[in-house]
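# got a sequence here, can you build the structure:
(2 chains)
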Protein chains: 2
Amino acid sequence: MSASPSPFRSAKQREADRQAKKQALLEAAVRMFNTRGYHATSLDDVAASLGVSKPTIYHYLGNKENVLSECLRIGLKQLLQAASDARATSGNAAQRLHRFLVGYAKVNLSEFGRCVIRTPDEALGAENLESLLTLKRRVHAAMCDFLKEGMSDGSIAPCDANLMAFTLAGALNWPARWYDPDAGHDPYKTVDAMVENLATGFLPR
Amino acid sequence: MSASPSPFRSAKQREADRQAKKQALLEAAVRMFNTRGYHATSLDDVAASLGVSKPTIYHYLGNKENVLSECLRIGLKQLLQAASDARATSGNAAQRLHRFLVGYAKVNLSEFGRCVIRTPDEALGAENLESLLTLKRRVHAAMCDFLKEGMSDGSIAPCDANLMAFTLAGALNWPARWYDPDAGHDPYKTVDAMVENLATGFLPR
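Predicted structure coming up:
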């Protein structure tokens, strides 16, 4: 017969509990930022949607700008993860870029990714902005690297990698502004077709 | 010897004067919306930048949302004008689309166009939003028409016109978020290279 469980939670359990609560708060906040806009969202409403009080949010995440900043950090890290995942696959650089772009676009259609796209830099104070811009530059650099590798192995047409990366990212960022997750379209089909458009261009081949 | 001019202005002069003042107010407002963000801009600051009072702005343009809405209307009409201009040119549909896209991107790098891109729909009340969405739909429809005509005359590769239009527009909207008019790049070269990227794709031909 096993001993009855201790009524006291272990440090590990407390930390897991803390992380789960933080995550639930961030998910509620990011949904509200995306649907109402950052300025029109109050932490009171976020708290109310989870049946907790505003001080609970302050306790776990700090003030509204910090909550936003944390949401953006999660989205940007997901974009960097999409780059690492694509980098680890086989094939030529154009194929790896293609996989990264599909992954990148899918993140942009998820809540944290949408928040990255929909939030203008002006919403953040200087300190949060600088650390987030560093992450954004890393995402841009990852895209440029795929393009340069493709120009080396001949799988990508000669181009200005910097400007091509902005062109690709812009096209795949924009769905965060128009895509309606409730409209019943398959986001994966949408994303695949957009990346295909960017790969082949609109002129006949 | 000619008669001395009347100290009373004619109705025509008064109307021209009124339009010039309205235009100056809109230009001051749109610059401030673009640099500070809509929410952080007050009509007091816009008024102060022109050495006039806030009631002067109310007199000519109404409240802050109406000022924004008027700026967006100007930008959207410039985009529609770019479509008409391209439509009136010669060549095949792909060439006309190419000219429209260059015109479209240039509007997006000008102050009123940047404001169209940078303003989230949530900033507007239902009435202003509906009339602006109607204009946005006309811009999108114009782009789809060029694509469909190109598929008919064989100058554009078969595609889902709707999704291709979103892809193209997204890529050319995004510079409104990252392009720095003070960084010394030639915006026309940037725009031409981006449209070329979209025309030919990143895969070698």
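# so which elements touch the longest helix that chain A contains?
Counting residues, the longest helix in chain A under DSSP state H turns out to be helix A:126-153. Under the contact criterion of 3 or more C-beta pairs under 8 Å, 6 or more residues apart in numbering or on different chains; DSSP states H and E, the helices and strands touching helix A:126-153 comprise helix A:64-87, helix A:93-109, helix A:161-173. Backbone N, C-alpha and C define where each C-beta goes, glycine included.
# could I get the average pLDDT for the second one?
Looking at helix A:93-109 alone, the average pLDDT works out to 96.
# anything in the helix or strand just after it near chain B?
Sequence order places helix A:111-118 as the next helix or strand after helix A:93-109, per DSSP states H and E. Yes - in terms of C-beta under 8 Å from any C-beta of the partner chain, part of helix A:111-118 sits within range of chain B, namely A:Arg118.
# what angle do helix A:111-118 and helix A:161-173 make?
120 degrees (axes from the mean of the first three to the mean of the last three C-alpha atoms, to 10 degrees).
# and helix A:111-118, how far from the chain's centre?
Its chain's average C-alpha position is 6 Å from that of helix A:111-118, according to C-alpha atoms, centre = their mean, to the nearest Å.
# residues in contact with that helix?
A:27, A:30-31, A:33-34, A:37, A:68, A:71-72, A:74-76, A:78-79, A:106-108, A:173-174, A:176-177, B:120 (C-beta atoms under 8 Å, 6 or more residues apart in numbering or on different chains).
# tell me the pLDDT at the closest residue to A:Leu97 other than its chain neighbours?
In this structure, A:Leu97 finds its nearest non-sequential neighbour in A:Phe146, 3.9 Å apart by C-beta to C-beta, 6 or more residues apart in numbering or on different chains. At A:Phe146, the pLDDT value in this model is 98.
# do the same with A:Gly37
As summarised for this prediction, A:Gly37 has a pLDDT of 86.
# got the contact list for A:His39?
When contacts are counted by C-beta under 8 Å, 6+ apart, A:His39 is found next to A:Ala123, B:His39.
# show me what counts as buried in the lowest-mean-pLDDT helix or strand in chain A.
Lowest mean confidence among the helices and strands of chain A (mean pLDDT, DSSP states H and E): helix A:175-178, at a mean of 80. Residues of helix A:175-178 classed as buried: A:Pro175, A:Ala176, A:Arg177 (neighbour count, 16 or more other C-beta atoms under 10 Å in any protein chain shown).
# so how far is B:Gln95 from the last one?
A:Arg177 is 29 Å from B:Gln95, where distance means C-beta to C-beta, to the nearest Å.
# with A:Ala82 instead?
Taking C-beta to C-beta as the measure, A:Ala82 falls 36 Å from B:Gln95.
# more neighbours: which of those two?
The neighbour count for A:Ala82 versus B:Gln95, taken as other C-beta atoms under 10 Å in any protein chain shown, is higher for A:Ala82 (23 against 15).
# nearest residue to that one in space, please, no chain neighbours.
Computed as C-beta to C-beta, 6+ apart, the closest residue to A:Ala82 that is not its neighbour in sequence is A:Gly103, at 3.2 Å.
# ok, now A:Arg9?
Nearest residue to A:Arg9, sequence neighbours excluded (C-beta to C-beta, 6+ apart): A:Asp17, at 7.1 Å.
# in what helix or strand does the one you found lie?
Under DSSP H and E, the secondary-structure element containing A:Asp17 is helix A:11-36.
# ok now that helix, how far from the chain's centre?
Taking C-alpha atoms, centre = their mean, one finds the center of helix A:11-36 at 16 Å from the center of the full chain.
# contacts for whichever helix or strand comes after it, please.
Towards the C-terminus, the helix or strand next in line after helix A:11-36, according to DSSP H and E, is helix A:43-49. The contact list for helix A:43-49, computed with C-beta under 8 Å, 6+ apart, reads A:Leu25, A:Ala28, A:Ala29, A:Met32, A:Ser53, A:Lys54, A:Thr56, A:Ile57, A:Tyr58, A:Asn63, A:Lys64, A:Val67.
# surely the first one is in contact with A:Tyr60?
What it means is A:Leu25. Yes - counting by C-beta atoms under 8 Å, A:Leu25 touches A:Tyr60, with 5.6 Å between them.
# what about the two, which has more around it?
The residue with the greater number of neighbours, taking A:Leu25 and A:Tyr60 and applying other C-beta under 10 Å, is A:Leu25; the counts read 23 against 18.
# and the gap between the more buried one and B:Asp182?
When distances are taken as C-beta to C-beta, A:Leu25 and B:Asp182 turn out to be 39 Å apart.
# ok, A:Leu68 next?
From A:Leu68 across to B:Asp182, the span is 27 Å (C-beta to C-beta).
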